[in-house]
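>>> Sequence and predicted model, in that order:
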Amino acid sequence: MSILKSFVLAFALFSKIPMPRVEWTKENMRYLICGFSFVGMVIGLLLRGWLWLSNLLMLGPIIFAAGLMCIPVAITGGIHLDGFCDTVDALASHAEPQRKREILKDPHTGAFAVIFVCVYLLIYFALCTEAPRETQTIWVLSLIHIMVRSAVGFGVLHFPAVSSQGLFYTTGSSSHKRSVTIVLCCIFVLCVAALSLISWLMGIIITLVTVLLAIYIYYMSKNQFGGMSGDISGYWLQITELATLAVFIIIKKVEVL
């Protein structure tokens, strides 16, 4: 029962999908991070539905690309983009770690946040316009959404937190670390295997990019902020999804040559 409640809390926290009310207790949060990856599965299902609807209505490539970009944002409510904005704002300040942490907590939106999120969405949309309108594209995007969430979930469990307060620390410290780590690793490996079945080159490079960005986040968060936070996790998820999408598009272009 606690597993089901953990999944409900995961969807309540990481998505805008209506969920029944569940108490935020340590017991109910033990497997919350496992549910994080399943939010990616729901995004994948909706992307599959969008492909079907786009083909049914014979929508143009621009509208199709807009759907690929907007569906993840709509499902998550922009929670990860919010973290991206706060983090780039803090990084752009070039201030001391203490000041950067203050910027992360600042509810106001800075100029750099607006600039970088516009650039981010423009690049993501442009890449989506280059994505082939086929089932394979949806499979790859779905696996990316699941895979990246399993990697970020691992970071929530094992990367040092910036403080012993806040939702990031509470989520990680409340988890049954051994069981959740095993589940996340299994999900990650299954995604790698599935991507490799589609294209061995794609599987290798997307995995490599995901791992390298995880290493970058680990050291960047320690050096720039003194540890991880929920906002930095959102930044991590967004840049990894963008980078892996770019890898997919480039590989598809190379395969055509």
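Yes, it's here.

>>> Following the chain past the helix or strand of the chain with the lowest mean pLDDT, name the next helix or strand.
The least trusted helix or strand in the chain, going by mean pLDDT, DSSP states H and E, turns out to be helix 167-174, with a mean of 78. Taking DSSP states H and E as the definition, the helix or strand that follows helix 167-174 towards the C-terminus is helix 177-198.

>>> List the contacts of the least confident helix or strand of the chain.
Residues lying outside helix 167-174 but in contact with it, judged by C-beta atoms under 8 Å, 6 or more residues apart in numbering, are 13, 26, 29-30, 32-33, 156-157, 161-163, 228-230, 233. All C-beta spots, glycine's among them, are computed from the backbone N, C-alpha and C.

>>> min pLDDT across these, which one?
Ranked by pLDDT, those bottom out at residue 163 (80).

>>> Among the contacts of helix 167-174, which pair sits farthest apart?
In these, two members sit farther apart than any others by C-beta to C-beta. They are 30 and 162, at 22.7 Å.

>>> When these two are compared, which one has more neighbours?
Applying other C-beta atoms under 10 Å to residue 30 and residue 162 shows that residue 162 carries more neighbours, namely 23 against 19.

>>> I'd guessed that one sits against residue 228; true?
Yes: using C-beta atoms under 8 Å, residue 162 makes contact with residue 228 at a distance of 6.1 Å.

>>> Tell me both backbone torsions, phi and psi, for residue 15.
According to degrees, to the nearest 10, the main-chain angles of residue 15 amount to phi -150, psi 170.

>>> Show me where this structure has its helices.
Using DSSP state H, the helices found in the chain span residues 2-14, 32-57, 61-76, 79-93, 97-105, 111-129, 135-158, 167-174, 177-198, 200-220, 230-256.

>>> buried ones in the last one?
Just to be clear, that refers to helix 230-256. By neighbour count, and taking 16 or more other C-beta atoms under 10 Å as the criterion, the buried residues in helix 230-256 are 230-249, 251-252.

>>> Give the other helices and strands that it contacts.
Applying 3 or more C-beta pairs under 8 Å, 6 or more residues apart in numbering; DSSP states H and E, one finds that helix 230-256 makes contact with helix 79-93, helix 111-129, helix 135-158, helix 167-174, helix 200-220.

>>> Centre of the chain to that helix, how far?
In terms of C-alpha atoms, centre = their mean, to the nearest Å, the centre of helix 230-256 is found 10 Å from the chain centre.

>>> relative to helix 177-198, how tilted is it?
In this structure, helix 230-256 runs at an angle of 20 degrees to helix 177-198, with axes from the mean of the first three to the mean of the last three C-alpha atoms, to 10 degrees as the basis.

>>> and the angle from helix 230-256 to helix 2-14?
90 degrees.

>>> The third one too?
What separates the directions of helix 61-76 and helix 2-14 is an angle of 120 degrees, with the same axes, to 10 degrees.
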